[in-house]
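Trainee: this one's sequence-less:
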């Protein structure tokens, strides 16, 4: 790409390069923004193959398959390379034309692809078979030396996952479980959800154990407020009955009794038996 940009004036090359960098950064997480940057680069340098390719992938990421296909074809014409053949075939699938994708899988261009490209083409062809409802044909398409190999390559996890998924769609659950397990062995980066698929097959449900700490704080605050209110109420009731002082305090003064309390005390004294102590 650097060599291609050197054909542009220095200032223009720098501007195009900045936009292509943003496309690469955003295409996975924010494809719409990546697409916007790709359009700027395309407007500035539409005759640069790398720009057409980047615009194609940005359009592909946003499911603008017709636009993506046009950009990939333009890039292929400029470079003469067949490396975009599998993604071009997948664009045909995206446009609802699986038969064209299958036709491309049988073209001589496939033989010119490297191993990774050939595996990608096999994945696209299997997907096209599934689009047509041909599950068993999709399974057979994925059966290959690359699938059977115990060697783990960059494409291994995706190939095993596609095979497991096709088996499951065909109702071959035990085989699907086995291949999801093999996918998990090869998927060191977590590129697939094989672990979730295995758990689903085994009937395991994951419960979100995350607790909203704000709810706990609110509950504790409510509980503390309730306790405080109870203590205040109890104190108020105690105050209504009597007010207590420390008798050791120099300022201590006995409380004056109410008339009712005085009468009650008098009744108690009158009822007490005469023990003769006062006559001693």
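Mentor: That came in fine, so what should we check first? Everything numeric here is computed off the predicted structure, so don't read it as measured data. Residues are numbered from 1 along each chain as shown.
Trainee: So residue 86 sits against residue 124, correct?
Mentor: Yes. Between residue 86 and residue 124 there is a contact under CB atoms under 8 Å: 5.3 Å. Heads up, the C-betas are built off the backbone N, CA and C, glycines and all.
Trainee: Pull up the overlap in contacts between these two.
Mentor: Common contact partners of residue 86 and residue 124 (CB atoms under 8 Å, 6 or more residues apart in numbering): none.
Trainee: which helices and strands sit right next to whichever helix or strand residue 34 is part of?
Mentor: Under the criterion of DSSP states H and E, residue 34 resides in helix 31-44. Counting contacts by 3 or more CB pairs under 8 Å, 6 or more residues apart in numbering; DSSP states H and E, helix 31-44 packs against helix 10-26, helix 49-61.
Trainee: So which residues make contact with it?
Mentor: So helix 31-44 is in contact with 12, 15-16, 19-20, 22-27, 51-52, 54-55, 57-59, 61-62, 64, 71, going by CB under 8 Å, 6+ apart.
Trainee: Can you say which of the residues you listed are buried?
Mentor: Among the contacts of helix 31-44, those scoring as buried are 15-16, 19-20, 22-23, 26-27, 51-52, 54-55, 57-59, 61-62, 64, 71 (criterion: 16 or more other CB atoms under 10 Å).
Trainee: Turn the helices and strands packed on helix 31-44 into CSV, columns for mean pLDDT and distance to residue 137.
Mentor: Putting the helices and strands packed on helix 31-44 into CSV (pLDDT from 0 to 100; distance: least, CB to CB, whole Å) gives the following:
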stretch, mean pLDDT, distance to residue 137
helix 10-26, 94, 36
helix 49-61, 97, 25
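Trainee: and those as JSON lines, adding distance to residue 98?
Mentor: Below are these laid out as JSON lines (distance: least, CB to CB, whole Å):
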{"stretch": "helix 10-26", "distance to residue 98": "28"}
{"stretch": "helix 49-61", "distance to residue 98": "17"}
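Trainee: for the stretch 51-200 of the chain, what are the low-confidence residue spans?
Mentor: Within the stretch 51-200 of the chain, no stretch has pLDDT under 70.
Trainee: try 90 this time
Mentor: 189 (pLDDT under 90).
Trainee: ranges for the helices of it?
Mentor: Here the stretch 51-200 of the chain has its helices, by DSSP state H, counting those that start in this stretch, at 65-79, 85-94, 98-105, 115-131, 135-142, 145-148, 156-169, 173-186, 194-201.
Trainee: Now distance to residue 47 too, for these, in a markdown table please.
Mentor: Formatted as a markdown table, the helices of the stretch 51-200 of the chain follow (distance: least, CB to CB, whole Å):
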| stretch | distance to residue 47 |
| --- | --- |
| helix 65-79 | 8 |
| helix 85-94 | 20 |
| helix 98-105 | 26 |
| helix 115-131 | 25 |
| helix 135-142 | 38 |
| helix 145-148 | 37 |
| helix 156-169 | 34 |
| helix 173-186 | 41 |
| helix 194-201 | 43 |
